[in-house]
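K.L.:
can you look at this prediction? I've put the sequence above it.
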Amino acid sequence: MIVTVTANPSIDRTIELSEPLKRGEVQVVAEQHEQAGGKGVNVARALHAAAVDVLAVVPCDASDPFLTELAELEASVANVPTGALVRTNVTVSEPDGTTTKLNAAGEPLTAAAVERLIAETARRAATAQWLVLAGSVPPGATEDLYPRLIAAVRARSAELGVPAPAVAVDTSGPALASVIRSAGTSGGVDLIKPNAHELAELAATLGYTDVPDGDALEADPELAARVAESLLPELGVAAMLLTLGAAGALLVTRDGSWAARPPRITPRSTVGAGDSSLAGYLVAVHAGQPPERAIGLAVAYGAAAASLAGSTVPRPDQTRPDLVEVTPLPRIVAGHQ
């Protein structure tokens, strides 16, 4: 069982245009889609499509239209009442693959709703194989929400006398920094999944002044690998899945590093591609695959998602891991031999 937590879920509305966006003018919409979303929900949808046993924990009322959308996907869901509607995000997709996202902040979570979310997560995830914490922290929840969730789940696992689940975190900004800062007391996490810009932001937040910006990292996978390898032991993280957009992704662990380049695709929407990459990685790990297969499937899932409309996640038959080029990387950072 894999349990995902989406603290700030959303209904994702995608507007597809047949020509480039013209600001200030009236344009006809070619297609539009609406799906239940949020990073953890997207991961759960992809895992469910791959026949992986998964449960999505989401803060939302039973009467919320979001839950109706999610129920149509037939994935298992545990909702935590909040007394507020789930936010709606809007994505505008242009013919060349350019994607513009307009994300709502979401309604604030009350202190009582936060406590219910923590309790429900601990109850559901204590015996799971993986706990996936993904997406932004909603208004009303403090930046330490994810460390609190991790601590509660591990405490419940200890009470039951069972191994605690491995923890994957896919967030950014202060929420990610909070997870890293808590590593000394919480025991760290097993995987983080930043993109190049999120890694650069994290490094700056933690006081690392010699890390290049996200554009430089994304443009130079070798540079990105050196940075990730040098930061990994300092972050208290067992592994990092670093997505690099069209350049693919890197998997950096304590035991080795791998680069993966995606197959050629016609990009349609990049929304949810990173979430699908994380799902692909977890599908492989859940099946007991080695790291090089896990990074290959992660990139195959991300590329497939980018070729689909809106925040649609791929089915296994829509992915082409056989076309992903995976290369082991030599350790080139001082202290890594």
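P.N.:
Alright, I've got the coordinates. Residues are numbered from 1 along each chain as shown.
K.L.:
mind listing the helices for the stretch 151-300 of the chain?
P.N.:
Assigned by DSSP state H, counting those that start in this stretch, the stretch 151-300 of the chain shows helices spanning 173-181, 183-186, 196-205, 214-219, 221-235, 273-286, 291-306.
K.L.:
shaky segments in the chain?
P.N.:
When residues are selected by pLDDT under 70, those of the chain lie in 73, 184-187, 331-337.
K.L.:
50 - rerun?
P.N.:
Low-confidence segments of the chain (pLDDT under 50): 334-337.
K.L.:
what are the ranges of the strands in it?
P.N.:
Here the chain has its strands, by DSSP state E, at 2-5, 10-17, 29-37, 54-59, 76-80, 87-93, 99-102, 130-134, 166-170, 191-192, 239-243, 249-253, 257-261, 325-329.
K.L.:
which residues does the second one contact?
P.N.:
What that stands for is strand 10-17. Residues outside strand 10-17 that contact it (Cβ atoms under 8 Å, 6 or more residues apart in numbering): 27, 29-38, 65-66, 69, 86-95, 103-104, 106, 269, 271-272, 309-311. No exception for glycine: its C-beta is placed from N, CA and C like everyone else's.
K.L.:
next one: stretch 121-129 to chain centre, how far?
P.N.:
Relative to its parent chain, stretch 121-129 has a centroid offset of 19 Å by Cα atoms, centre = their mean, to the nearest Å.
K.L.:
so which bits of it are buried?
P.N.:
121-122, 124-129 (16 or more other Cβ atoms under 10 Å).
K.L.:
distance to residue 283 added to the residues you listed, as JSON lines?
P.N.:
Output for these, formatted as JSON lines (distance: Cβ to Cβ, whole Å):
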{"residue": "121", "distance to residue 283": "22"}
{"residue": "122", "distance to residue 283": "25"}
{"residue": "124", "distance to residue 283": "20"}
{"residue": "125", "distance to residue 283": "18"}
{"residue": "126", "distance to residue 283": "23"}
{"residue": "127", "distance to residue 283": "20"}
{"residue": "128", "distance to residue 283": "15"}
{"residue": "129", "distance to residue 283": "12"}
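K.L.:
buried deepest among the strands of the chain, which one?
P.N.:
strand 2-5 (a mean of 30; mean count of other Cβ atoms under 10 Å).
K.L.:
helices or strands up against that one?
P.N.:
Under the contact criterion of 3 or more Cβ pairs under 8 Å, 6 or more residues apart in numbering; DSSP states H and E, strand 2-5 touches helix 39-49, strand 54-59, helix 111-125, strand 130-134.
K.L.:
want to throw those into JSON lines with distance to residue 203?
P.N.:
Shown next, in JSON lines, are the helices and strands packed on strand 2-5 (distance: least, Cβ to Cβ, whole Å):
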{"stretch": "helix 39-49", "distance to residue 203": "21"}
{"stretch": "strand 54-59", "distance to residue 203": "30"}
{"stretch": "helix 111-125", "distance to residue 203": "28"}
{"stretch": "strand 130-134", "distance to residue 203": "20"}
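K.L.:
that older thread, make CSV out of the strands of the chain and add distance to residue 45.
P.N.:
Formatted as CSV, the strands of the chain follow (distance: least, Cβ to Cβ, whole Å):
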stretch, distance to residue 45
strand 2-5, 9
strand 10-17, 11
strand 29-37, 8
strand 54-59, 8
strand 76-80, 11
strand 87-93, 16
strand 99-102, 18
strand 130-134, 12
strand 166-170, 14
strand 191-192, 19
strand 239-243, 18
strand 249-253, 20
strand 257-261, 22
strand 325-329, 25
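K.L.:
quick check: which of these is nearest to residue 178?
P.N.:
strand 166-170 (10.0 Å; Cβ to Cβ).
K.L.:
just the buried residues of stretch 177-190, please?
P.N.:
By 16+ other Cβ under 10 Å, the buried positions in stretch 177-190 come out as 177-183, 186, 188-190.
K.L.:
CA atoms of that stretch as CSV?
P.N.:
C-alpha atoms of stretch 177-190 as CSV (Å, rounded to 0.1, in the frame of the first residue of the first chain):
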residue,chain,number,x,y,z
ALA,A,177,13.0,23.6,3.7
SER,A,178,11.0,22.7,6.9
VAL,A,179,11.3,19.0,6.0
ILE,A,180,15.0,19.2,5.5
ARG,A,181,15.5,21.2,8.7
SER,A,182,13.6,18.6,10.7
ALA,A,183,15.8,15.8,9.4
GLY,A,184,18.0,15.8,12.5
THR,A,185,15.1,15.0,14.8
SER,A,186,12.8,13.1,12.5
GLY,A,187,15.4,10.8,10.9
GLY,A,188,15.2,12.4,7.5
VAL,A,189,13.2,11.3,4.4
ASP,A,190,13.8,8.6,1.8
